[in-house]
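> I need the structure of the sequence given here:
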Amino acid sequence: MHHMILIWILYNIPILVYYNYIVLSTSHQAICVVTEQAFIQFNNYANRFLVGKFLPICITCIFGVLALYNIKNIARRALEKQLTIMVLLQAVVMLFTNVPYIITYLLQGIHPIPQCCTFGNQFLRFRNSPEAIPES
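Next comes the predicted model:
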């Protein structure tokens, strides 16, 4: 357990190094910004993608496959079988719900999508347009 804590502390040291505390001259608001482009790439791909999405999916899928193997090879009580099926279904649901997000995230890293073209902004623009307001 102590080794994992040490690994996570070492893994997050670049945050202390590359985040800069800046006070805006116009509004005197304090913000933290990253000025190093290499750290931005590291944060996007290592932290958000690998640790945040890819690794949890891989771990869940591994346990799902082990659960499937367990279902096929061992005859046991109904409660254990239900628990194994729940783990397997969780792995399948997590896979199908997160893979589209991961693909979109990677594609945005290769070809950034302008902010005006996202679904949320298009929806808000349509909702606030005069054509979307019903006449009384």
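
> where do the helices sit along the protein?
Secondary structure of the chain (DSSP state H): helices at 2-11, 13-18, 37-42, 55-73, 78-110, 119-127.

> The fourth one - contacts with which helices or strands?
For helix 55-73, the helices and strands in contact under the criterion 3 or more C-beta pairs under 8 Å, 6 or more residues apart in numbering; DSSP states H and E are helix 78-110. Every residue, glycine included, has its C-beta placed from N, CA and C.

> Equivalent analysis for the longest one, please.
In terms of contact count using 3+ C-beta pairs under 8 Å, 6+ apart, helix 78-110 is assigned the packing partners helix 55-73.

> Which one of the helices of the chain lies nearest to Ile31?
Closest to Ile31 of the helices of the chain, according to C-beta to C-beta: helix 13-18, at 14.4 Å.

> how far is that closest one from where the chain is centred?
21 Å (C-alpha atoms, centre = their mean, to the nearest Å).
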